[in-house]
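Chemist: got a predicted structure here, sequence first:
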Amino acid sequence: MGEPHLAPVRDTIVGIRNQVRNAGLEFSILELGAANGSIMHVLEDTVGLENTRYFGMEPWQPFVEDFSSHFPDQTMIRANIDDALELLSGDLRESSFNICLACLVFCMIDPTRVRKFINLAAKICDCFIIYDINLNVLGDPDDEKVQVFPFNPEMIQFYFANPLDQMLKENGFKIAGSWDMPAIRNTMGWKTYLAVKANL
């Protein structure tokens with residue numbers, strides 16, 4: 001999260017954090033595929049963590065343990081996408097978060113689960129910040145159909161370009177901003193974007 005090309009992600013999150021805190025409210029993040037919660041390190045180093053609540057979901061246990069050792073007062077659990085869907089349908093359904101953060105995650109999840117995650121997270125989150133393969137987010141080439149593309153073909157690794165714009169629209173969200181991101185493994189079409197509730 002500290003790398004130069006991720007400045008749009010950092011700056012957007014810090015900007016929302018400042019707006020929320022200036023209003024005297026608690027700032028909160030729900031993160032899917034959280035790794036070791038690197039956004040929390042950024043916040044700690046730049047603006048501090050006072051009145052900040054974080055809930056991360058990450059399937060790799062060493063990342064969870066690393067996060068917990070640095071931020072014992074925050075929450076990170078070992079969870080894959082199915083665990084996350086169960087939590088959003090159960091224990092988290094009465095929660096609320098300012099931001100749902102997902103970086104380089106949805107491209108690895110099949111569209112049925114992505115759509116369900118967005119549907120559930122949209123009920124408890126004010127905005128989404130997503131860094132992903134977005135070939136069909138802004139209408140190029142198709143904002144309603146899923147695409148499958150080779151990401152690392154020598155390892156038989158294929159990713160999804162999910163119709164994220166359509167999925168967000170279905171849940172009352174609109175894209176408020178987007179930033180082009182560098183190619184990954186010679187694959188173009190990566191973007192970071194901010195989606196907010198259409199009535200805000």
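Modeler: Done, it's in. Residues are numbered from 1 along each chain as shown.
Chemist: please make it C-alpha for all contacts and neighbour counts, starting now.
Modeler: Will do.
Chemist: so A198 sits against N171, correct?
Modeler: No - using C-alpha atoms under 8 Å as the test, A198 is too far from N171 to be in contact (9.2 Å).
Chemist: assumed V114 was part of a strand.
Modeler: No - counting by DSSP: H, G, I helix; E, B strand; the rest coil, V114 is not part of a strand but helix.
Chemist: for it, which non-adjacent residue is spatially closest?
Modeler: F106 (6.4 Å; C-alpha to C-alpha, 6 or more residues apart in numbering).
Chemist: mind checking how far that neighbour is from A79?
Modeler: From F106 across to A79, the span is 15 Å (C-alpha to C-alpha, to the nearest Å).
Chemist: higher neighbour count, these two?
Modeler: F106 (25 against 21; other C-alpha atoms under 10 Å).
Chemist: now do the same contact list for the more buried one.
Modeler: V114, D132, F160, N162 (C-alpha atoms under 8 Å, 6 or more residues apart in numbering).
Chemist: quick check: it vs N162, distance?
Modeler: Relative to N162, and taking C-alpha to C-alpha, F106 is found at 7 Å.
Chemist: which neighbours do those two have in common?
Modeler: Contacts common to F106 and N162, judged by C-alpha under 8 Å, 6+ apart, are V114.
Chemist: quick check, central residue of this protein?
Modeler: A102 (1.6 Å; C-alpha atoms, centre = their mean).
Chemist: that one: which element?
Modeler: In this assignment (DSSP states H and E), A102 forms part of strand 97-103.
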